[in-house]
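Chemist: Here you go, sequence then predicted model.
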Amino acid sequence: MALASVTIIFVGYLGISLAFALNNPTYGVSAMARAAEWGRSHGLGTVITWAETEYYKLNPPKKGGVPNKGAFGSTKAPSARVAAGGLPVPPTIVSPALHQLPGEGVWHPMGRRTASGAAAVYEAFVRPNAINTSYVVGVAWMDTKLLRAQLYSGSYIPGPYHFRYTAPITAKNSETLVAAFNAGFRMQDANGGYYTQGRMFIPLRKGAASVVIYKDGTMTVGKWGSGVFTMNNQIESVRQNLDLLVQNGRAVPGLASQNTTQWGKTLGGTFNVWRSGLGVTKDGAIVYVGGPSLSIGDLANVLVRAGAVTGMQLDINTDWVQYSVYNGPLNTPINGGNGTSLLSSMNGPPSRYFATWWNRDFFTMSLRSNQTIAPSSSSTSTTAGG
């Protein structure tokens, strides 16, 4: 009798806990994501991964076909003003599919401009591979000469600590905001560490793929413990996630193997699902890739084609892959209503980063202070994506 009572209480607790989770936006946008996050936080990670695996086996991405009309934006590269001292916009991305479609891979300026009217962020769209050709992934290119990066930390990722930068984005910090995007896995799945604001919240792992932000706002991506990627007093934040996907301008070996758990035990790389990644180009620009029907190898391939010489995976699945770009008058507070998702099919609105309930870490890119006041001399114009 006592055992039965305990069982009833335990099952009742789980039922009530799950019901709360299904109505809790911090667990995800969709009911499926909320149930999965609840399961993983209650020791059911293996079961959840098995269920997701079976789901993707039964619901694979569509093969063949063409994207919806207008999926690549305009078919012509628009004229865009380039700021003095800014980075040159890269050439059109060569499609991972067999044949380039009109407008595919062409860069378009997006988001708030500098005071002189220069774009600091560009977007382009390509198909993820030569098989799932009806899908389109988004690529964002960010000029680190014009933008400064910031890691925002959350009470769930990395944990319940006090952070200077955490959601919601304040009115003051929104005045020069251009973009915000998702970070990486939960720390228990990231196989890496977390450092910010002069504090080591989770020890950094040597060899881990790392997003590094310096105190001057410069962001880069690299392998921790190699070259310049060691701790020094100029580093503001280090966010690690798994191992590098791209090194020396090439995808790392092993991405096509059956065992890709090195790049994430959660579904590994064997399924074409929503994924996001981040890379750095030879001249220091940051490129973000996010979208559907991406295997781990596809993600690395798109990063390379977008110019990344070093790259890593950020997060996976529809609820967590989110890149938002913001418009509005410069030096004026904005909110989530000023945001647009890189892909309209991205789950969750750009307002999530302005919400008090958002408890995951994310990155922002804001205009540097020297770009918020118009210079005395005018800058030149050029055509992007040439």
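Modeler: Good, I have the coordinates.
Chemist: For the protein, which segments count as helices?
Modeler: Taking DSSP state H, the helices of the chain run over residues 2-22, 31-41, 45-58, 171-174, 187-190, 296-305.
Chemist: Return the member of these having the minimum mean pLDDT.
Modeler: Among those, helix 2-22 carries the lowest mean pLDDT, at a mean of 58.
Chemist: Tell me who's in contact with the residue nearest the centre of the chain.
Modeler: For the chain, the residue nearest the mean C-alpha position is Asn182 (4.1 Å; Cα atoms, centre = their mean). Contact analysis of Asn182 by Cβ atoms under 8 Å, 6 or more residues apart in numbering lists Ser276, Gly290, Leu314, Asp315, Trp320, Val321, Gln322, Tyr323, Arg360, Phe362. From N, CA and C alone the C-beta is placed, and that goes for glycine too.
Chemist: Mind putting those into a markdown table with neighbour count and pLDDT?
Modeler: Output for these, formatted as a markdown table (neighbours: other Cβ atoms under 10 Å; pLDDT from 0 to 100):
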| residue | neighbour count | pLDDT |
| --- | --- | --- |
| Ser276 | 27 | 98 |
| Gly290 | 29 | 98 |
| Leu314 | 27 | 98 |
| Asp315 | 27 | 96 |
| Trp320 | 25 | 94 |
| Val321 | 30 | 96 |
| Gln322 | 25 | 97 |
| Tyr323 | 27 | 98 |
| Arg360 | 21 | 96 |
| Phe362 | 27 | 98 |
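Chemist: Okay, and which of these map to strands?
Modeler: Using DSSP state E, Ser276, Gly290, Leu314, Asp315, Tyr323, Phe362 are the members of the contacts of Asn182 that sit in strands.
Chemist: The fourth one contacts Asp189, doesn't it?
Modeler: I take that to be Asp315. No - between Asp315 and Asp189 there is no contact under Cβ atoms under 8 Å: 9.9 Å.
Chemist: that older thread, now, among the contacts of Asn182, which is nearest to Val252?
Modeler: Val252 lies nearest to Leu314 out of these, by Cβ to Cβ, at 16.1 Å.
Chemist: picking that back up, who's the residue nearest to the centre of the chain bridged to?
Modeler: Phe362 (DSSP bridges).
Chemist: roughly how far apart are it and Pro67?
Modeler: According to Cβ to Cβ, to the nearest Å, Asn182 and Pro67 sit 23 Å apart.
Chemist: cool, and Val221?
Modeler: To Pro67, Val221 is 28 Å away according to Cβ to Cβ.
Chemist: Neighbour count: the two, which is higher?
Modeler: For Val221 versus Pro67, neighbours defined as other Cβ atoms under 10 Å are more numerous around Val221 (24 against 18).
Chemist: Show me how the record splits the protein into domains.
Modeler: The chain breaks down by automatic domain parsing into domains covering 1-59, 64-383.
Chemist: Highest mean neighbour count across those, which stretch is it?
Modeler: Mean neighbour count (mean count of other Cβ atoms under 10 Å) peaks for domain 64-383 among the domains of the chain, with a mean of 20.
Chemist: what about that domain, distance to the chain center?
Modeler: Centroid displacement of domain 64-383 relative to its chain, using Cα atoms, centre = their mean, to the nearest Å, is 5 Å.
Chemist: quick one: contacts for Ala167?
Modeler: By Cβ under 8 Å, 6+ apart, the contact set of Ala167 is Tyr152, Gly154, Arg352, Tyr353, Phe354, Ala355, Thr356, Trp358, Asn359, Phe362.
Chemist: hang on, the earlier thing: mean pLDDT lowest where, among the domains of the chain?
Modeler: domain 1-59 (a mean of 66).
Chemist: Wait, Tyr165 touches Ala149, no?
Modeler: No - judged on Cβ under 8 Å, Tyr165 makes no contact with Ala149 at a distance of 11.0 Å.
Chemist: For Leu22, which non-adjacent residue is spatially closest?
Modeler: Distance criterion Cβ to Cβ, 6 or more residues apart in numbering; nearest residue to Leu22, sequence neighbours excluded, is Arg34 at 5.2 Å.
Chemist: And Asn235, how close does it get to Phe185?
Modeler: Let me fix one detail, which is that residue 235 is Ile and not Asn. Distance from Ile235 to Phe185, by Cβ to Cβ: 21 Å.
Chemist: whoops, I mixed them up, Pro61
Modeler: According to Cβ to Cβ, Pro61 stands 22 Å off from Phe185.
Chemist: Next: Gly297.
Modeler: Using Cβ to Cβ, Gly297 is found at 18 Å from Phe185.
Chemist: Same check on Ser366?
Modeler: Taken as Cβ to Cβ, the span from Ser366 to Phe185 is 25 Å.
Chemist: now Val121
Modeler: For Val121, the distance to Phe185 (Cβ to Cβ) stands at 25 Å.
Chemist: Arg352 now?
Modeler: 18 Å.
Chemist: Same question for Leu367.
Modeler: Separation of Leu367 from Phe185 (Cβ to Cβ): 29 Å.
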